[in-house]
Structures are given as structure tokens and as C-alpha cells.
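1. structure for this input, please:
(one chain, ligands or ions: 1)
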Amino acid sequence: MEKLRRVTLLRRLEVMRVPAAMRKRLTTKGIGSALLCLGIGPGAALAQGIPSPESVLGFEPGADYRLASYEESVDYFKRLDAASENLRLVEVGRTSEGRTWYLAIISSVANLGALERHRDAAQRLARASISEGEARALARSTPVFVDISGGLHASEVAGAQHTIKLAYELLRRASEEPVRRMLDSVVLFLWPSLNPDGQDIVVNWYRENVGGPYEAAPLYELYQKYIGHDNNRDGYMLNVIESRVLARTWRYWEPQIIYVHHQSSPFPTRIWLPPFAEPIAPRSPARIVREINAIGMHIAQELETRGMPGATHAGSGFDAWYPGYVDYLPVLQHIAAFWTETALYRYATPYFYTLEDFPQSYRDFRPQNLYVSPWKGGWWRLADAVNYMLVASEAVLDYARKNRYALLWNRYRSARETIERYRSEPPYAYIVPREQRDPMAAVELLRRLAFHGVDLYELSRTAEHDGERYAAGTWVIPMDQAFAELVRQLLEVQVYPDLREFPGGPPEQPYDAAGWTLPYQMDVRVVEARVPLEEDFRAALVPVRADPRAEPNDPATPFELHPVAAGIVGPPGGLSGSGPLVSVDPRQTYGFKLIGRALARGGSVRFDPQRGSYLIGGIGAAEAERWARELGVRAERSGIRPGPQAAARVAIYKPWRPSMDEGWTRWLFDQYGYPYTTITNADFPAGGLESRFDVIVLPSESVDLLLNGYAKGSVPPRYEGGIGAAGVRALDAFVRAGGTLVCLNRSSDFAIEQLGLPVRNVVRDLSRSEFFSRGSIFEVVADTAHPVMAGMPARAKVFFDQSPVFTVEDGFEGRALAKYPEERSPLLSGYLLGDRHLRGYAAALEVVHGRGRVILLGFRPQWRGQPMGTFRVLFNAVLYGGELAGAGLGSDGFWTAPRKGGVEGEVQGR
Ligand SMILES: [Zn+2]
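-> Next up, the predicted model:
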């Protein structure tokens, strides 16, 4: 979570004070010197046969300039597994790049021998499926399950080094007090890393560069195959394999504590700990939030006791509003899940801080209530970060031992309170009809909830609720169940609180998205039951369940491994009618899987303007039928009908300064089996893009990132720079020759500025106190007669995130694809300040440029793989080239730009 105060951080990191050669001679401070809270310290006898990390790795974790790779780490854990009866190493799955992923279970021999019984108890407590008496008895007799990991942001390197050391420290003292006592009460689930692929990517990069001029250079690729840092934003959506392995493992063991290490403490603090900043996700159960706060304070106290200064809490950065954090979402399942942020320099390189590095407001070392022992500068090494993490992890284990009963009881009692709450207040249930604009969107939504452990039912017959009749097969989520708060948090509308930096001042920036309402993002009709479910309605409910039908790591069947998720199936796909072509309605998002397959196999795609659908040709009848069934797509065979040819050759630009939006775009295209080519800076200077591609997509990034990339000298030369002046010329020539440039969200500014389009982003220069929105869902009016909006509803929901808002200037030629309503605020979920700056303006444009065009999308159609309701806009856009784009389709008079002095005049007059 390194976004916080990035500017200060970057400025601070620019200067390396000590020459590299000199730094090499500095000795490491005693890495093992921190006395840990469990009383671990020098003097105790080594347990027989537990190999030290140094004896296996050749260095002590935390040593300057040294990092253990994932393979090396696992190698070490395997040695521990062989040497100690207190550790069991288990395989939990595979990563996106195919690495085997391990989890170490550490406890007393007795607990490890009775794991299945303890797991059963954890399950019963988590689901709150037992009486209070039974729960109390189980809480008395069951060890507490604590899940600690080496973190998931691989560039925050200390986490995955500390796990090696934590395992060693616990095992070598396993038979001595107080570790023995802790292991009697606690089962520790220790993940060497939550991002094995990333650990190797980062360690290899650092090893390549250490000792040279690029020792501290940032990475040129994402440290997760598709999404990099967003691997901690996929908590509820479960789009990438890693998120699903974690969710599956956590549902299997149902731990009471989940602790994830990060490394971006706000400078100069040394570790940031809970309580979180405001606001928190409003459905967070109170008991569990209190538990997290208490744990954060316990860690701080232990650090203080060890003479380790600089712990801080709360503040204005790390809020917990967005529930998609892998390490916060479990709170909604009544787990004390949290993260901490230890200070980081760069990789394993040490750094000496002087007072000049400190922000002015921290130079007086004034003790503050929640930062009572200010850090005063000096050396900060990887070993320091590892030691802070070790003490923090040990403090959590110590807390768990001391509060074992309360942790188990609270998990049960919090779930019980949720069940009782929704028996007496709304929403009593969520009802999801099968009849949907895009039936598979409902399936995608519900499978995710099921995977998270939500119980789902369907109507076995027609039944009535609140005066409305629902057909057999209608899905129902009754809210008197343990994980109901998770359901509500994802399905309801978010109203982000209006928090200001000071009264009347600019809004406090949400740390992440402000609104995410999944039925809006995915365009699924979900009915909230405002009155209790009738007896007859309840009697008609049968649980959804089926035999799991997937391989654990098959990305093509991500959720079907779960028996409830496997029971959620959409209408069967297939073809009807006759004729040589297959007509696909773009309202079905899965239709683009069929189109993608056809294009990949050399088929052709035309657009049928009368029906607003795509016509696939060149694919055998039997094959088309098989594909439609496999993909769950309903399509019609059709006779020969003239229609303009759609584009087939798509390129996605990949900057060397890693772009998560590029990764998500790639992820979506891979998920849908849609063919594309990745292009990088090297593809521009040669020119001739028009002979290779019909459409080029730019990910949502700033003008600076796209144009300039990494500055000269900051990375090895092959990764320097961005599209650059030569690239702009090549892109301009590409469009002028008839190509389509698709600009996702922020990249619209790049095209407007660099290609000189007669378009203006009206919110670009507004101050935060005039206009502010971050990650929210807005309503737009779409021109559904335009091929880029084909299949969209006329009133569509889009995800707005630091997005441009358009008006046009003299010389504009083209069309608006979507516009903001004039008569009201477009906000549906989240936060928006200054809606008058949007009203009546365009949300998406087609701008004619030479013989080609630029598509400017002022929203994020594939944001983190969530808004399935707008995936089709991106697919439509990449089909919109050549003949189809030349056909001039769309509604005339759909939009007129607001006149200057009109809407904007009001603002100036205030
Ligand atoms: Zn992080």
C-alpha cells in the first residue's frame, strides 16, 4: 500500500548519501538482537537439529544486499519440515505462473495431531451453526488459529524474509517457555509468501542490479502476472488465481486472526499499525474491529518494551472503506484481519537518514499520543524492518495466546449477532431473478459470493414475496446467515461520508474506491427484501449445491471447485435457426468469447446495424454449435446479410513503467480468449503500425507515464522512456491512415494533448475543493445505436475513477457515445463533489482524426475486472475499426456540447 505520501517518499529517496562501494563495507547491525515478545533471546539452548537459515541460505535473512528467493525460502521450510515435529508444510495450490504454493502449519505436537478436530471446531464457530453452550465448550477446548504471512506486495521485501526467521525462532525454542505455552494454545498458519511469483520477480531483478548503478531501480514489470499491486484489491472479486487460493484456504481452516505485512509506513514513522484511519467499511462487525484495534495497540506496546521506537496508528492514509483488500475483507466474515506497514528503503539496500530528510513537522520529535516515541533518523536496514516485523508477528501470537478464549468466542458471537440482526431488520434477503439482460452476469456475481462461503438457495416453485411473484429457479440469499455482512457490503449502495481536511476545506481523499456496488457494476437486477420472507416463500427454498466440477488451478473454471458455486448455472447455450452465419447479441457479454474464438481461428465478424448484433462467418456449423454450448452463449443462425466488416487486429500498449490497467486489460482479453498483440516502445519508431493493426488500446495512465515512462538513468536503458515524440508521430500516422485508437479513461488526456484533438477535459484543472470523485459508480445516457455502445442499456452504469469529462471545441468531427444526464447528479454509489461539472457533458466520444478515429472512454470499462456491465464497451471498441467505423453509425443529434457560459458560468458566478 505504497500510495501514501508518495511524493515525499520519492523526493526522499532520490539521494543516495553513501557511495555503493562504501556501503558494501558497512557491517550489518546484529540482526538477532531484538528480543522478541515471547521471550526469545540469546542464551537459550538451541533445539537439536533445527537448521539455521544461515546454514541453508548462506546468509541471515535481513542481511544487507541479500534476499532469499521463493525457491530458497521453500527449500528452507522443507528442511524445517524434515527436522521439526512442530511444523508441517502443506501444498495449497499453484500460482498464476505455475509455482507450487506452500503453507507451513506450526503448533504443538498435540495440536498438530488433532488438527482435523480443531478445524471442525473452527468451522462450527465460524458458521455459528451451534448453540451458545456448545460454542463455549468448543472455545474452551480449541486452540486459536492465527494466519501470518510474508505479505503480497513483493517489492515490500522484508515480509517474505521475516517468515523464514519467524519459523526458525519458534521451532528452535519450541520446547522452552514461553514458546511452548504459546504453541499449546495457538496453531500458526505461516505463509512464506502470499505472492511467490512476485517474490522471485523482485529478487531476480535486485540480484541483476545490486552493486551496479541500478541497484535501487524500480521494476519494469508487474509483480503479479496481470495485476501487480492490485493483488490486494481483488479480495471480494477473486479474479486472479492467488486470490482464490487464499479464499479457499481460509474457508478451509477458518482462522480467527489474519495478519498481512506491508512496508510503506508514512515517513518518518517506522511502523504503521491499526486502528485504521477513517472511514472503515460500514458493515464491519463492531466486536471484530475492537479486536483489531486491541491487537494493534498490543504490537505497539511490545515494540516500545523492546526499545523499538516509531510506531504509529490511524492517521489519514490507511482507511478500510474499500472491502476489496485481501487483508481486510475477512473482517466481514468475523475474522480479525488486518495489515501493518513497516518502513521500507529499497529492497535490501540500507540507507542513512539525516534530519534534512524529515518533513518540517516531524523535525521537533514531539511525542504525539499515537506516535509517542518518534524515530530520530540514522541507519535503516532490511534487518531493522525484519526485526520490527518479527516483534509484531510475535506480539500477535502472544496476544492470541493470552486471549485465546475471547478470540474463539468473538468469532462465534459476532456471526450469531449478524444472524439475529437480519431476523429482525432489513434487508431480510436478496433475491436474484434468472431473467436478466445478461444472465451470465448474475451467475458470475453469485458464484463469487458462494466461493466466499455465502449460502445460496433457489425457489423450487413459483412463490410470492411482498406482493411480487418469483419464478421457480429464482436465487435467494437469506440474510440470517453468518457472512451476511459481506453480502450486504457488496450488494448495497455506498454513501461515502463527506469528510473534510478541515471544516469547509477540501475532501479527505478516499484511500481507494468509494463505491463498488456489484449489482450496478455487473448490471445484475437484485431485489432487496424489505419485509420478512413469508413462510410460504421460505418453504419453497432449496439449498444450491452440486458436485464440484473443476480442477483446482484451471483458470477457465475459477469457481466451480466450490460445491455451492458449482450449483449456480446459467441458461444453456446453443444455436437456433438456420443459415451460414451466427448472430451474437452483444448484451450477452460471453458472446465476446465466441467472437474471440472465431477471430483466433480466422473467422470474420460483421456488424448488423438493424439488430445491433455481430455476425460471425467462416466457422463450421458443428464447431459454432459446440462453442455456443461450451460458453453458455445463446445465438442464432442467420442468412447472408450485408453488414460492415469489424476490426480483427488488436494491439494493447504495455509501458515499461508497470501499468495495472494494462494488466487488467490483458487479464480480460485472456479470460475471454480474445486475440491481441502486446506492443511496447520498440514498436513505435519503425512506424507502419497501420499495416499491422486495426485498433490500438492505451491503458488508463497519466500523460507523463505514457509519454515519458521512466526517466533516463533511473532504470537500465532498455526500460527508459515512454511512447515519446517518435511514438506520438507513429500513433498519429496510424490514426490518420484509418486506424482506431482506443483511450481508456486517463489516457484520453494523452490523446487530446498529443494528437491535438479539438476536445477538452473539463474537470482536468479543477481543484479538489471544487470537484472530487474517486472510484464511484455514475449513470450515463448511452447512444445504443453506436456500435461501441451496442448491447448497453440506454441508461447505463459506469465506473468513474479520476476520469475525464468531455466537451468539444471548434473543428470537432465525430460523435458522443455516452453523456451525463443534465437534470440530476449522475452519482449512483460512492462519492461525488461538484456534480454540476458533469451535467450535460460527454462521458465518451468518437473523435474523427484524418481517416481514422480516437475513441475516448471517460470511465473504466474493465476496472479490476469488476464492471461486467461495461466489458462489452471495451470489446465493441476493439471491433470498431475499418469498414465498421467508416459506416458512420450512431444517432444524429444524440448530444450537443453545453455552451460556454452556460453550466460553467454558474460555477464562476458562485
Ligand atoms: Zn503493500
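2. can we go C-alpha only for contacts and neighbour counts from here?
-> OK.
3. what bits of the stretch 551-700 of the chain have low per-residue confidence?
-> Along the stretch 551-700 of the chain, the parts satisfying pLDDT under 70 run over 552-553.
4. contacting residues for the residue of it found nearest the ion?
-> Taking C-alpha to the ion as the measure, the stretch 551-700 of the chain has M660 as its residue closest to the ion, at 14.6 Å. M660 makes contact with 222, 226-230, according to C-alpha atoms under 8 Å, 6 or more residues apart in numbering.
5. who wins on neighbours among these?
-> I227 (26 neighbours; other C-alpha atoms under 10 Å).
6. ok, now which ones touch the residue of the stretch 301-450 of the chain found nearest the ion?
-> Residue nearest to the ion within the stretch 301-450 of the chain (C-alpha to the ion): E341, separated by 7.3 Å. By C-alpha under 8 Å, 6+ apart, E341 lies in contact with 261-265, 271-273.
7. intersect the residues you listed with the contacts of the ion.
-> By C-alpha under 5 Å from the ion, the members of those lying near the ion are H262.
8. helix/strand/coil for E823?
-> Three-state assignment for E823 (DSSP: H, G, I helix; E, B strand; the rest coil): coil.
9. pLDDT score for it?
-> What the model reports as pLDDT for E823 is 95.
10. I'd say it and Y841 touch.
-> No - counting by C-alpha atoms under 8 Å, E823 does not reach Y841; the two are 11.6 Å apart.
11. compare these two (neighbour count), which wins?
-> Y841 (26 against 9).
12. need the strands for the stretch 801-910 of the chain, in chain order.
-> All strands of the stretch 801-910 of the chain, identified by DSSP state E, counting those that start in this stretch, fall at 806-808, 814-819, 827-829, 842-849, 852-857.
13. just send the ones you listed back as TSV, with distance to the ion too.
-> Below are these laid out as TSV (distance: least, C-alpha to the ion, whole Å):
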stretch	distance to the ion
strand 806-808	34
strand 814-819	36
strand 827-829	27
strand 842-849	33
strand 852-857	30
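14. one step back: tell me the one among the contacts of M660 nearest to the ion.
-> Comparing the contacts of M660 against the ion with C-alpha to the ion places H229 closest, at 7.3 Å.
15. please identify which of the strands of the stretch 801-910 of the chain is closest to L689.
-> L689 lies closest to strand 852-857 among the strands of the stretch 801-910 of the chain, at 12.9 Å (C-alpha to C-alpha).
16. what strands flank the closest one, and is each parallel or antiparallel?
-> Partners of strand 852-857 in the sheet, by DSSP bridges, are strand 740-744 (parallel), strand 842-849 (antiparallel).
17. mind listing what's buried in stretch 760-774?
-> 760-763, 770-774 (16 or more other C-alpha atoms under 10 Å).
18. now that stretch: mean pLDDT?
-> 95.
19. would you mind naming what in the stretch 101-250 of the chain lies close to the ion?
-> Checking the stretch 101-250 of the chain against the ion by C-alpha under 5 Å from the ion, the hits are H153.
20. which helix or strand lies directly C-terminal to the helix or strand where W664 lies?
-> Following DSSP states H and E, the helix or strand that holds W664 is helix 660-671. Going down the chain from helix 660-671, the next helix or strand is strand 677-679, by DSSP H and E.
21. ok, residues contacting the helix or strand following that next one?
-> Of the helices and strands lying after strand 677-679 in sequence (DSSP H and E), the nearest is helix 689-692. Here helix 689-692 makes contact (C-alpha under 8 Å, 6+ apart) with 649, 683, 730-731, 733-735, 737-739.
22. let's see which of these end up in helices.
-> Within these, residues falling in helices by DSSP state H are 730-731, 733-735.
23. geometric centre of this protein: which residue is closest?
-> Nearest residue to the geometric centre of the chain (C-alpha atoms, centre = their mean): R233, 2.1 Å.
24. surely it touches Y328?
-> No - at 9.9 Å, R233 does not count as touching Y328 under the criterion of C-alpha under 8 Å.
25. so which bits of the stretch 501-650 of the chain are right by the ion?
-> Nowhere does the stretch 501-650 of the chain come near the ion, counting by C-alpha under 5 Å from the ion.
26. the stretch 501-650 of the chain: strands as residue ranges?
-> Along the stretch 501-650 of the chain, the stretches classed as strands by DSSP E, counting those that start in this stretch are 527-529, 541-543, 574-576, 581-584, 604-608, 613-617, 634-638, 650-653.
27. deepest in the core, which of those strands is it.
-> Highest mean neighbour count of the strands of the stretch 501-650 of the chain: strand 581-584, a mean of 28 (counted as mean count of other C-alpha atoms under 10 Å).
28. helices or strands up against that one?
-> Judged by 3 or more C-alpha pairs under 8 Å, 6 or more residues apart in numbering; DSSP states H and E, strand 581-584 is in contact with strand 613-617, strand 634-638.
29. what about dumping the CA coordinates of the last one to CSV?
-> Extracted as CSV, the C-alpha positions of strand 634-638 are listed here (Å, rounded to 0.1, in the frame of the first residue of the first chain):
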residue,chain,number,x,y,z
ARG,A,634,-27.4,-18.3,-27.0
ALA,A,635,-27.0,-17.3,-30.6
GLU,A,636,-29.0,-17.5,-33.8
ARG,A,637,-28.0,-18.9,-37.1
SER,A,638,-28.6,-16.3,-39.8
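30. about what we covered before: among the contacts of helix 689-692, which ones are buried?
-> 649, 730-731, 733-735, 737-739.
31. P192 against I164, yeah?
-> Yes - using C-alpha under 8 Å, P192 is in contact with I164, at 6.8 Å.
32. what sits in contact with each of those two?
-> Common neighbours of P192 and I164 are listed as S73 (criterion: C-alpha under 8 Å, 6+ apart).
33. and the strands paired with strand 852-857, which is most packed in?
-> When the strands paired with strand 852-857 are scored by mean count of other C-alpha under 10 Å, the highest mean neighbour count falls to strand 740-744 (a mean of 28).
34. give me the contact list for that one.
-> Against strand 740-744 from outside (C-alpha under 8 Å, 6+ apart): 694-700, 734-735, 751, 852-861, 877-878, 880-881.
35. now P572: closest residue in space, sequence neighbours ignored.
-> Leaving aside its chain neighbours, P572 sits nearest to G632 (5.4 Å; criterion: C-alpha to C-alpha, 6 or more residues apart in numbering).
36. would you mind measuring from that neighbour to D364?
-> Between G632 and D364 the distance, using C-alpha to C-alpha, to the nearest Å, works out to 65 Å.
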